[in-house]
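*Asks:* sequence and predicted model, in that order:
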Amino acid sequence: MINIIYGTNILEMTYELLCKLPVEKRLRCDMKVVIKPNLVVAKPADEGATTHPEIVEGIIRFLKDFGIAKPAIAEGSWLGEKTDRAFLRCGYETLAKRYGLQLIDTKKDNVVKKTASGLTLGICATFFESDFLINVPVLKGHCQTTMTCCLKNLKGCIPDSEKRHYHNIGLHQPIAALNTILKPDLHVIDGICGDPVFEEGGNPVPSNRILIGTDPVLLDSYCATLLGYLPEEIDYIRYAKEYGVGSLVNKGTKINEFQTENRPKNTVQNQCYLVRELAPLIDDRNACSACYAALILALNKSGIRKFNNKITEKIKIGQGFRGEQLTGIGVGNCTQGCKYSIPGCPPSAVNIIQALK
């Protein structure tokens, strides 16, 4: 079952939606509750990349009414970003002070090793110490995995070294395997204004909705359709289904919608044409998301598409180029062996644009 509510009063929408599920029957006042938002970058939620703090505040108020006054908020921003900076810029430091909550930077956490689906994965210890885990992802596009929502949001539950490992072996299978180990008790999806193209935001599309459920595969497969994709097109959703994490959305799925009068007239459809259009210019060998996204932004803003017919060698990016001596242009420290290499881990889009010019 999937419950959806529409509107602009985000805090009240969240609280009301939680009240429509028998969540309180699974809660005890002595539980350690951890809330995992998406704070991949230090940008306000209205830019389409990060979880609205009002949603987390709605969850906090709901928990408080059932005797859980101080849940923890845990997150680890992507490579190259400081989680503390994201907590501050995204409004979570203010939220934590208001309610006396602990903010946990999982980049500084202890790591527990677990094996699943033939992979040994390092996971931050905080999430194993939790009695009740609430996953609060943003529904948005992703330049490498096409979209990100419930399943992929757990990538913030692993240390930076493990994030590099995921990119090195391919993102989709380890994301699915991670979800066989970490199993959030509840997923509250921020569908207010996610960017349908980039995981780091910048092109928010107002959708004014929050979704809630307990099956991440069901939720992600439904959300894929909202972005204009078939669930089977998203590899990690397919893997997660095969690994028994959950079920795909189907004609029999019960979907309850509330306050539909507030539903936007224009629905979010597939707007990842930009990534698809620029991908032929890129030779990607296990690039990290931050680096790849910066390159996509730079290629778009530099106007390089005007010269597509004159480009004879693709731009190289990714860990697969480490140690190689190569011709052409490389992006990021992993491509230092290229004739022209743009340094950084990750490099900024501004620096890439300057180098391309």
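*Replies:* All right, it came through fine. This is a predicted model, so every value here is computed, not measured.
*Asks:* ok, the closest residue to Ile352 other than its chain neighbours to Met13 distance?
*Replies:* Closest residue to Ile352 apart from its sequence neighbours, by CB to CB, 6 or more residues apart in numbering: Ala298 at 3.6 Å. Backbone N, C-alpha and C define where each C-beta goes, glycine included. Remark: distance between Ala298 and Met13 (CB to CB, to the nearest Å) = 36 Å.
*Asks:* Ile123 now?
*Replies:* Distance, Ile123 to Met13, using CB to CB: 31 Å.
*Asks:* circling back to that earlier point, quick check: the residue nearest to Ile352 touching Pro346?
*Replies:* No. If you go by CB atoms under 8 Å, Ala298 and Pro346 don't touch, sitting 10.9 Å apart.
*Asks:* tell me which residue is most central in the chain.
*Replies:* By CA atoms, centre = their mean, the chain has its centre lying nearest to Asn153, at 4.3 Å.
*Asks:* hang on, that residue packs against Leu39?
*Replies:* No. In this structure, Asn153 is not within contact of Leu39 by CB under 8 Å, at 10.4 Å.
*Asks:* in what helix or strand does Asn168 lie?
*Replies:* Assessed by DSSP states H and E, Asn168 sits inside helix 160-169.
*Asks:* just to revisit the earlier point, what sits closest to the residue nearest to the centre of the chain if chain neighbours are left out?
*Replies:* Nearest residue to Asn153, sequence neighbours excluded (CB to CB, 6+ apart): Pro137, at 3.5 Å.
*Asks:* that neighbour: neighbour count?
*Replies:* 29 (other CB atoms under 10 Å).
*Asks:* how much space separates it from His187?
*Replies:* 7 Å.
*Asks:* shared neighbours of these two, anything?
*Replies:* Taking CB atoms under 8 Å, 6 or more residues apart in numbering as the contact criterion, the common neighbours of Pro137 and His187 are Cys150.
*Asks:* check contacts around His52.
*Replies:* 10, 45, 190, 192.
*Asks:* can you check Cys193 too?
*Replies:* Applying CB under 8 Å, 6+ apart, the residues near Cys193 are 45-46, 48, 204-208.
*Asks:* just the residues you listed now: which is nearest Glu93?
*Replies:* Nearest to Glu93 out of the contacts of Cys193 is Ala45 (CB to CB; 14.2 Å).
*Asks:* show me what contacts that closest one?
*Replies:* By CB under 8 Å, 6+ apart, the contact list for Ala45 reads 51-53, 90-91, 138, 190, 192-193.
*Asks:* do Thr51 as well
*Replies:* Neighbour list for Thr51: 37-39, 45, 90, 136-138, 190 [criterion: CB under 8 Å, 6+ apart].
*Asks:* the same query, at a cut-off of 7 Å, please.
*Replies:* Remark: with contacts taken as CB atoms under 7 Å, 6 or more residues apart in numbering, Thr51 is in contact with 37-39, 45, 136, 138, 190.
*Asks:* tell me, what's the model's pLDDT at it?
*Replies:* Thr51 is assigned 98 on the pLDDT scale.
*Asks:* ranking the contacts of His52 by neighbours, who comes first?
*Replies:* Ranking these using other CB under 10 Å puts Asp190 first, with 29 neighbours.
*Asks:* so it touches Val136, yeah?
*Replies:* Yes. Shown here, Asp190 and Val136 form a contact pair, counting by CB atoms under 7 Å, at 6.4 Å.
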